[in-house]
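[1] I would like the atomic coordinates for the input below:
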Amino acid sequence: MGEAEAGERDGRPATASAAAMEDKGKAKRDGVVKEVIRLERESVIPILKPKLVMKLAYLIERDNDRSEFMKLCKRVEYTIRAWYLLQFDDLMQLYALFDPVNGEKSLEQQEYEVAQSGQYLLNLPIQVDEYKVDSKLLKRYFKEHPHDNLPAFADKYIVFRRGIGIDQTTDYFFMEKVDVIISRAWRSLLRVTRIDRLFSKKQVPSTKDKKKTDEINEDAEEPDLYVERVRLEKMELSIRNLLRKMTIQEPTFERMIVVYRKASTESKPDRGIYVKHFKHIPMADMELVLPEKKNPSLTPMDWVTFIISAVIGLVTLIGSLEMPKADIWVVTAILSGLIGYCAKIYFTFQANMVTYQNLITKSMYDKQLDSGKGTLLHLCDDVIQQEVKEVIVSYYVLMEQGKATIQDLDLRCEQLIKEEFGVECNFDVVDAVKKLEKLGIVSRDSIGRILCVPLKRANEIIGTTTEEMVLRAQKAPAAS
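    Below you'll find the predicted structure:
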């Protein structure tokens with residue numbers, strides 16, 4: 001799996017944008033080639049809402065204004081949450097029709113290249129069993145709702161991602177290093193003997209981009225996001241590297257969501273749609289989130305062990321047969337031992353397969369956040385939190401810095417977040433201004449610049465919310 005699709009956010013249609021990557025440069029660190037890749041910056045404010053509100057309120061000098069600002073933030077959140085409530089109810093009702101647990105009853109009643117190009121901590125070859133995944137649903141969807149630069153797997157499953165992090169691990173990685181050495185030797189052997197040409201697939205040149213991912217708009221003024229990768233596959237072969245601890249590093253997708261449907265037959269259709277939510281997934285180990293994975297095959301180290309054991313057993317048998325005094329009992333004993341030895345190898349082979357399957361299962365258990373309806377509820381709350389933060393930051397900047405054009409407001413918001421919170425983001429200013437205009441607390445002058453109403457007036461325009469009335473009723477003394 002070489003790329004991931006960007007998901008729907010804040011109720012707006014998704015665009016197929018995620019994991020657009022390219023090599024920026026290479027350097028060496030501790031004997032390992034360091035890769036720097038470029039990722040598309042997302043329209044997400046990576047700051048917790050309470051922290052954002054408290055920090056902005058702290059920057060307001062006057063106590064009265066600070067109190068009014070805190071009240072405005074609450075009213076903004078309550079109002080936006082109410083806007084989305086009906087949409088989310090419709091979403092939950094629709095998903096109930098396709099819930100894998102009881103969706104079938106409801107229907108009756110109502111009639112891969114960056115990831116696959118290497119490994120990080122999970123050094124196992126993992127592939128999707130395509131015969132177990134439905135390809136009709138998504139193919140029909142994208143035919144009716146076309147997107148540019150869809151990945152090759154888009155007819156079987158969709159992967160949405162958000163947030164970029166860094167994962168570091170320090171260890172000796174003895175077995176992993178041996179696997180890397182064996183893999184390199186095997187590839188070299190295939191290349192020298194030219195056997196690799198028999199299995200290589202012809203690359204079809206793309207007219208749009210190299211990796212079927214959305215290209216980053218070079219004309220855009222958004223700052224690039226560069227992330228460093230340090231992998232064992234890029235290490236230099238030396239005794240020193242093999243015997244010492246090393247630190248590897250991989251970018252992670254902080255949140256990933258996979259949507260797919262299992263394959264079924266016409267006689268027994270399966271209408272369930274699976275939605276699974278994961279956290280902190282290293283880019284090189286994204287195979288973890290793939291649906292309906294095949295049982296993992298053996299690692300290069302396993303194959304070398306198996307081949308060496310078989311060769312030793314065969315040489316021992318041939319050597320015994322060539323002995324001048326070899327009789328039938330000796331040959332029988334040797335054959336029995338060899339059969340037992342092969343049986344041991346076979347059961348070891350099976351045990352390794354079970355071990356690898358358990359490793360994948362454990363990794364998925366540790367990384368999975370939720371699935372099905374729980375994932376949708378989580379996303380609904382995320383939508384609201386992002387919308388609220390965008391509106392609050394935009395209003396605060398207009399309040400403190402005065403009227404601005406859309407472009408100026410965008411830059412000011414991004415600069416505020418960078419200066420006060422030390423993080424960078426691609427601020428979605430257009431959506432924020434639409435929400436402010438819908439709330440009625442901003443307007444435009446004769447040349448199109450945006451200006452906000454005073455704080456107290458903004459609170460009067462939004463008015464008392466239902467949540468505030470409930471809170472007042474709870475605080476009121478009970479009637480005797």
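
[2] count of residues packed around the closest residue to residue 126 other than its chain neighbours?
    Nearest residue to residue 126 in three dimensions, chain neighbours excluded: residue 287, at 3.9 Å (Cβ to Cβ, 6 or more residues apart in numbering). Where C-beta positions appear, they are placed from N, C-alpha and C, glycine not excepted. Close neighbours of residue 287, defined as other Cβ atoms under 10 Å, add up to 21.

[3] pretty sure residue 287 is touching residue 293, no?
    Yes. Using Cβ atoms under 8 Å as the test, residue 287 is close enough to residue 293 to be in contact (7.3 Å).

[4] shared neighbours, these two?
    Here residue 287 and residue 293 share the contacting residues 126-127, scored by Cβ atoms under 8 Å, 6 or more residues apart in numbering.

[5] distance of the residue nearest to residue 126 from residue 153?
    Remark: distance between residue 287 and residue 153 (Cβ to Cβ, to the nearest Å) = 12 Å.

[6] Equivalent analysis for residue 171, please.
    For residue 171, the distance to residue 153 equals 32 Å [Cβ to Cβ].

[7] Tell me which of the two has more neighbours.
    Between residue 171 and residue 153, counting by other Cβ under 10 Å, residue 153 is the more crowded of the two (21 against 11).

[8] Quick check: residue 135 touching residue 153?
    No. Applying Cβ under 8 Å as the test, residue 135 and residue 153 come out as separate, 9.6 Å apart.

[9] Leaving out chain neighbours, which residue sits closest to residue 260?
    Using Cβ to Cβ, 6+ apart, the nearest residue to residue 260 is residue 157, at 3.7 Å.

[10] Look at the residue nearest to residue 126 and report its pLDDT.
    pLDDT, residue 287: 78.

[11] Please state the backbone phi and psi of it?
    Dihedral pair for residue 287: phi -60, psi -20, per degrees, to the nearest 10.

[12] Make sure residue 292 is actually in contact with residue 132.
    Yes. The criterion here is Cβ under 8 Å, and residue 292 meets it with residue 132 at 4.0 Å.

[13] Overlap of the contact sets of those two?
    Counting by Cβ under 8 Å, 6+ apart, the residues touching both residue 292 and residue 132 are residue 262.

[14] Those two: who's more crowded?
    Here residue 292 and residue 132 are compared on neighbour count by other Cβ under 10 Å; more neighbours surround residue 292, at 18 against 15.

[15] give me every residue that touches the more buried one.
    Contacts for residue 292 (Cβ under 8 Å, 6+ apart) come out as 128-129, 132-133, 260, 262.

[16] Run through the strands of the stretch 351-480 of the chain in chain order.
    For the stretch 351-480 of the chain, the strands defined by DSSP state E, counting those that start in this stretch occupy 368-371, 442-444, 450-452.

[17] Name the stretch among those that sits most buried.
    Mean neighbour count (mean count of other Cβ atoms under 10 Å) peaks for strand 450-452 among the strands of the stretch 351-480 of the chain, with a mean of 19.

[18] Now that one: average pLDDT?
    Rounded mean pLDDT across strand 450-452 is 95.

[19] and if you look at stretch 381-391?
    92.

[20] Please export the C-alpha coordinates of it as CSV.
    Extracted C-alpha coordinates of stretch 381-391, given in CSV (Å, rounded to 0.1, in the frame of the first residue of the first chain):
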residue,chain,number,x,y,z
ASP,A,381,-16.9,15.0,17.6
ASP,A,382,-13.6,15.7,15.8
VAL,A,383,-15.5,17.6,13.1
ILE,A,384,-17.2,19.9,15.7
GLN,A,385,-13.9,20.5,17.6
GLN,A,386,-12.1,21.5,14.4
GLU,A,387,-14.9,23.8,13.3
VAL,A,388,-15.1,25.5,16.7
LYS,A,389,-11.3,26.1,16.8
GLU,A,390,-11.3,27.6,13.3
VAL,A,391,-14.1,30.0,14.2
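
[21] So which residues make contact with it?
    Where contact means Cβ under 8 Å, 6+ apart, the residues beyond stretch 381-391 that reach it are 9-11, 44-45, 47, 49, 52, 73, 76-77, 80-81, 84, 427-429, 431-432, 435-436, 439.

[22] List the buried residues of that stretch.
    Buried positions in stretch 381-391, judged by neighbour count with 16 or more other Cβ atoms under 10 Å: 383-391.

[23] Tell me the one of those nearest residue 62?
    residue 391 (21.7 Å; Cβ to Cβ).

[24] excluding its backbone neighbours, what's nearest the closest one?
    Leaving aside its chain neighbours, residue 391 sits nearest to residue 435 (4.9 Å; criterion: Cβ to Cβ, 6+ apart).

[25] again with residue 135
    Nearest non-adjacent residue to residue 135, counting by Cβ to Cβ, 6+ apart: residue 155, 4.7 Å away.

[26] distance of that neighbour from residue 141?
    9 Å.

[27] what number of residues lie near residue 88?
    For residue 88, the tally of surrounding residues (other Cβ under 10 Å) stands at 18.

[28] buried set for whichever strand or helix holds it?
    Using DSSP states H and E, residue 88 sits within helix 63-96. Counting neighbours by 16+ other Cβ under 10 Å, one finds that the buried residues in helix 63-96 are 66, 68-69, 71-81, 84, 88, 91, 95-96.

[29] mind checking how far residue 427 is from residue 440?
    Counting by Cβ to Cβ, the gap from residue 427 to residue 440 is 22 Å.

[30] more neighbours, those two?
    Using other Cβ under 10 Å as the criterion, residue 427 and residue 440 rank with residue 427 on top: 26 against 11.

[31] wait, doesn't the more buried one sit right on residue 393?
    Yes. Between residue 427 and residue 393 there is a contact at 7.4 Å, judged by Cβ under 8 Å.

[32] Overlap in contacts, the two.
    45, 413, 417.

[33] Could you pull out the helices in the stretch 151-300 of the chain for me?
    174-193, 196-199, 239-243, 300-321 (DSSP state H, counting those that start in this stretch).

[34] Just the buried subset of the contacts of residue 292, written out for PyMOL, thanks.
    To isolate the buried members of the contacts of residue 292 in PyMOL, using 16+ other Cβ under 10 Å:
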select buried, resi 128+133+260
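
[35] returning to that earlier point: burial count for the residue nearest to residue 135?
    Other residues close to residue 155 by other Cβ under 10 Å number 20.

[36] For this structure, name the helix or strand with the lowest mean pLDDT.
    Within the chain, no helix or strand scores below strand 5-6, which has a mean of 36 by mean pLDDT, DSSP states H and E.
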